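A.B. asks: Output the structure for:
(2 chains)
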2 protein chains.
Amino acid sequence: MELIDGKKINAEVKAEIAKEVEKIIANGGKRPNLAVILIGEDGASATYVGSKIKTCHEVGFESTDVKFPESVSEDEVLAKITEINNNPNIDGLIVQLPLPKHISEHKIIEAIDYKKDVDGFHPVNTGRMAMGLPSFLPATPAGIVELFRRYNIDTEGKNCVVLGRSNIVGTPMGLLMSRKATPGNATVTICHSRTKNLKEVCANADILIAAIGQCEFVTADMVKEGAVVVDVGIHRVKSDKTKSGWKLLGDVKFDEVAPKCSYITPVPGGVGPMTIISLLKNTLLAAQGKIYRK
Amino acid sequence: MELIDGKKINAEVKAEIAKEVEKIIANGGKRPNLAVILIGEDGASATYVGSKIKTCHEVGFESTDVKFPESVSEDEVLAKITEINNNPNIDGLIVQLPLPKHISEHKIIEAIDYKKDVDGFHPVNTGRMAMGLPSFLPATPAGIVELFRRYNIDTEGKNCVVLGRSNIVGTPMGLLMSRKATPGNATVTICHSRTKNLKEVCANADILIAAIGQCEFVTADMVKEGAVVVDVGIHRVKSDKTKSGWKLLGDVKFDEVAPKCSYITPVPGGVGPMTIISLLKNTLLAAQGKIYRK
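C.D. replies: This is a model prediction of the structure:
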């Protein structure tokens, strides 16, 4: 069993991005600039945004930090999005989710210029991904694909089971794994709450990607000997064994599943560290005009 | 075993659309108008376009028939698309595929206003479909979903295997069957040329959708007793038993597979008749502003 070290790969990709930024600057170019819109006072959202901006600076990006109070109107946010869409100095724009209830998530996402949609949530990017065209890939699936690439994990012709069909993880993950590409070319099965004989389906997977949002859902009896297991879940639970009084668990019951695996991502330190870095990679690609011509 | 009668359902849906058109006219509205651009002299394409236009008139639609010689430039076609995009009298626009080699299919498709993209090929429609949002669905998958609906075929929690991952059939079919909807909510596996143990995967399907483009590929040993089999293939082969000297076959070896099925679509007369009618349904929805506000 080999642990897939997301932290290590994160550091590698981060160093590569930083090097690219240095090259851009050396050639007289401008720093990639990521704009982040945060609405309201949610602590978790503020923490995520803080990490994103911090990582931006670590690789040499400029950042543009826009904050609105919870009471902001949808029109104000849309106006700000239009302003950023039209600002040639900003390469990427994300709006931190979730949004307050009075603001339509889809309206906001669709208002972002798809050429700056580095979260890969705009329908044009989802559609182009489904069609196998260049696009900004959503961060978590892109991060998982990158882990497979760096660990030389063979996906071609493998039975890949994706647990979960969310718009930001399960569905795009399935599309990426089934497309004609490397990594990719897998035989993909998407499972969800309505799936019958779920254990049986999972136990048949060469590659199992758990993104079901239920703590320690995947148990040893659901995993084939030698499988590759990727754990997208992240759950904060009480613990009397840590100083902080809590610990992080995934969608996979790690202790009993890990011994059966050829590769497994731990929680924390597996998929998590790959998501922000994928967002930054998209921002770099946007700045370089590598997905869409500038 | 029950035959799924695409011709019958086609007639039902056609009558419903015609009735809607009558209502629109009675209320002082204008006839839905479908524009079709055909490039070059390919006989099969001309036949398809002819059928589409004929069916338009049968339901009371107006049609706009644009033909270019093979030698037309990409820019000329793009200019025509822009003209039609801006013409408020035209509700839907399709460009018949395949295109001559000097014209980029993706450029053409992405130039069509997604609000008039009644073929459902534009990335915005593909992306919105993947996200479970209202969109123009591509004709063949939409036609199959309609057959399931009209025959009350239960798809929830079923193992659905899709053979083929094309942008216009396999991939969208998988997305539609796995989404949270009725029909839908199936556990979907997408198979393709790189899939190993294909027979085994197929033999486990409650619903098998063959869109692999190989004549009589699916044999009885690949089909579970009681399965629902949908045959998307259409192949013209020589025959000494027909007056014309040829006959149509599907991707499924019908004679040996049919006895094992609960439901099966024949070729011809199964999926085929549903595709044009799905295109017309989209055009009606476009005219009514039911997918995107006008």
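A.B. asks: for the closest residue to A:Gly170 other than its chain neighbours, what are its contacts?
C.D. replies: Residue nearest to A:Gly170 in three dimensions, not counting chain neighbours: A:Gly164, with 3.6 Å by Cβ to Cβ, 6 or more residues apart in numbering or on different chains. For every residue, glycine as well, the C-beta is placed using N, CA and C. By Cβ atoms under 8 Å, 6 or more residues apart in numbering or on different chains, A:Gly164 lies in contact with A:170, A:191-192, A:210-213, A:232.
A.B. asks: so which of those comes closest to B:Val145?
C.D. replies: Distance to B:Val145 across the contacts of A:Gly164 (Cβ to Cβ) is lowest for A:His192, with 17.8 Å.
A.B. asks: what does chain A put close to chain B?
C.D. replies: A:106, A:122-128, A:130-133, A:156-159, A:165, A:167, A:171-172, A:174-175, A:178-180, A:185-192, A:194-196, A:201 (Cβ under 8 Å from any Cβ of the partner chain).
A.B. asks: 6 Å instead?
C.D. replies: Chain A has residues A:123-124, A:126-128, A:130-131, A:156-157, A:165, A:167, A:171, A:178, A:185, A:187-191, A:194-196 near chain B, with proximity defined as Cβ under 6 Å from any Cβ of the partner chain.
A.B. asks: Among those residues, which ones are in helices?
C.D. replies: Of the residues of chain A next to chain B, the ones assigned to helices by DSSP state H are A:123-124, A:126-128, A:130, A:171, A:178.
A.B. asks: right, and the pair among these with maximum separation?
C.D. replies: A:Val124 and A:Ser178 (20.1 Å).
A.B. asks: Surely A:Ser63 is within a helix?
C.D. replies: No - counting by DSSP: H, G, I helix; E, B strand; the rest coil, A:Ser63 is not found in a helix; it is strand.
A.B. asks: and it, what are its bridge partners?
C.D. replies: Taking DSSP bridges as the rule, A:Ser63 bridges to A:Leu34.
A.B. asks: about what we covered before: with pLDDT added, can I get the contacts of A:Gly164 in JSON lines?
C.D. replies: Converted to JSON lines, those look like this (pLDDT from 0 to 100):
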{"residue": "A:Gly170", "pLDDT": "97"}
{"residue": "A:Cys191", "pLDDT": "97"}
{"residue": "A:His192", "pLDDT": "95"}
{"residue": "A:Ala210", "pLDDT": "98"}
{"residue": "A:Ala211", "pLDDT": "97"}
{"residue": "A:Ile212", "pLDDT": "96"}
{"residue": "A:Gly213", "pLDDT": "95"}
{"residue": "A:Val232", "pLDDT": "97"}
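A.B. asks: ranking those by neighbours, who comes first?
C.D. replies: Highest neighbour count within these: A:Ala210, with 31 neighbours (other Cβ atoms under 10 Å in any protein chain shown).
A.B. asks: Now do the same contact list for the closest residue to it other than its chain neighbours.
C.D. replies: In space, and not counting its chain neighbours, A:Ala210 is closest to A:Asp251: 3.9 Å by Cβ to Cβ, 6+ apart. When contacts are counted by Cβ atoms under 6 Å, 6 or more residues apart in numbering or on different chains, A:Asp251 touches A:210, A:212, A:217-218, A:231, A:233.
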